[in-house]
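A.B. asks: This is a predicted model, with the sequence first.
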Amino acid sequence: MADEAQAPPAEGAPPAEGEAPPPAEGAEGAVEGGEAAPPAEPAEPIKHSYTLFYFNVKALAEPLRYLFAYGNQEYEDVRVTRDEWPALKPTMPMGQMPVLEVDGKRVHQSISMARFLAKTVGLCGATPWEDLQIDIVVDTINDFRLKIAVVSYEPEDEIKEKKLVTLNAEVIPFYLEKLEQTVKDNDGHLALGKLTWADVYFAGITDYMNYMVKRDLLEPYPALRGVVDAVNALEPIKAWIEKRPVTEV
C-alpha cells in the first residue's frame with residue numbers, strides 16, 4: 001500500500017511533541033536567511049555640562065559641591081567676586097545665588113538643585129515613600145538653618161541679643177536633639193538607615209551653621225557628629241575638602 005501523504009498542520013496549530021517551534025516573525029536574534037542578529041550596541045550615557053555660580057564661600061553651595069564630588073561629576077565652579085556680582089545679578093533667575101547651569105539652562109533654589117544632583121549620583125530613595133523620608137529630614141535641616149540665619153543676620157544689636165537667648169536656649173537644642181535621635185533610629189544616618197543625600201547635605205551645610213553661631217553646634221551631639229565625619233571621610237569628598245579653596249564661611 002502506498003504511503004499516505006501527511007497533511008501539514010493547520011495554521012496556528014502547536015508543533016508536534018519534540019519538534020522545536022519556528023521563531024516568531026521579527027523575533028530578536030533572527031534575521032532573514034536564518035543568521036543571528038548582532039547584539040544591540042549599548043547606548044552611550046548622556047553627558048551634561050554643569051556650572052555652579054556662587055560667591056567664594058562654602059555656605060549654601062557646599063552641599064552641591066559635595067554631591068558633585070561624591071559622583072565624580074565634572075563641573076565648573078564659578079566663584080563670583082563682590083565686584084562682579086552687580087553686573088551678573090540681572091542674568092540670574094531670581095537675582096540671587098547659588099545658581100546651577102545645566103546644559104546652558106540656569107536654575108535656582110539650592111535644595112531643589114541638591115535633590116536633582118542626588119538623583120544623578122544615586123543618593124535618592126528607591127520609592128516615593130523613601131524619597132519622602134529624605135525630604136523631611138533635609139527640609140527640617142533647612143528650617144533649622146533659616147532660624148539661625150534670622151538671628152545671625154539681624155542688623156540691630158539689641159534685638160539680636162534678645163533673639164540669641166531664645167536661639168541658644170530653645171531653638172538649637174530642640175532641633176539638634178530631634179535630629180540626634182533621628183540618627184540613632186537610622187543606624188547612624190539621617191534617613192533610611194543608609195547613606196543618602198540627607199547625610200551629604202547636612203555635612204555640607206554644617207560649617208555654615210557653625211559660622212553663623214560662632215561655635216561647634218555638634219559638640220554635644222555625637223551621633224550627628226558621626227554623620228558629618230563619615231561623609232567627610234568618603235574618598236571623593238575627602239579629596240574635595242583637601243583641594244577646595246580655604247574660606248572663612
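C.D. replies: Noted; the coordinates are in hand. Residues are numbered from 1 along each chain as shown.
A.B. asks: To what extent is D143 buried, counted in neighbours?
C.D. replies: 10 (other Cβ atoms under 10 Å). For glycine as for every other residue, the C-beta is placed from the backbone atoms N, C-alpha and C.
A.B. asks: Just the pLDDT for the closest residue to it other than its chain neighbours.
C.D. replies: Among residues not flanking D143 along the chain, Y175 sits closest, at 7.7 Å (Cβ to Cβ, 6 or more residues apart in numbering). Per-residue pLDDT puts Y175 at 99.
A.B. asks: Please name the residues that touch Y175.
C.D. replies: T140, D143, F144, K147 (Cβ atoms under 8 Å, 6 or more residues apart in numbering).
A.B. asks: Need the max-distance pair from those.
C.D. replies: The most widely separated members of these, counting by Cβ to Cβ, are T140 and K147 (10.9 Å).
A.B. asks: Okay, G104 and V78: tell me how far apart.
C.D. replies: 14 Å (Cβ to Cβ, to the nearest Å).
A.B. asks: Pull out the buried residues from the host helix or strand of the residue nearest to D143.
C.D. replies: Using DSSP states H and E, Y175 sits in helix 172-185. Across helix 172-185, burial judged by 16 or more other Cβ atoms under 10 Å covers I172, Y175, L176, L179, E180, T182, V183.
A.B. asks: List just the nearest of these to V249.
C.D. replies: For the buried residues of helix 172-185, the nearest to V249 is I172 (19.1 Å; Cβ to Cβ).
A.B. asks: quick one, strands of the protein?
C.D. replies: 50-55, 76-80, 99-102, 105-107 (DSSP state E).
A.B. asks: Distance to S152, mean pLDDT and mean neighbour count for those strands - can I get that in CSV?
C.D. replies: Shown next, in CSV, are the strands of the chain (distance: least, Cβ to Cβ, whole Å; pLDDT from 0 to 100; neighbours: other Cβ atoms under 10 Å):
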stretch, distance to S152, mean pLDDT, mean neighbour count
strand 50-55, 16, 99, 19
strand 76-80, 22, 98, 15
strand 99-102, 23, 98, 20
strand 105-107, 26, 98, 11
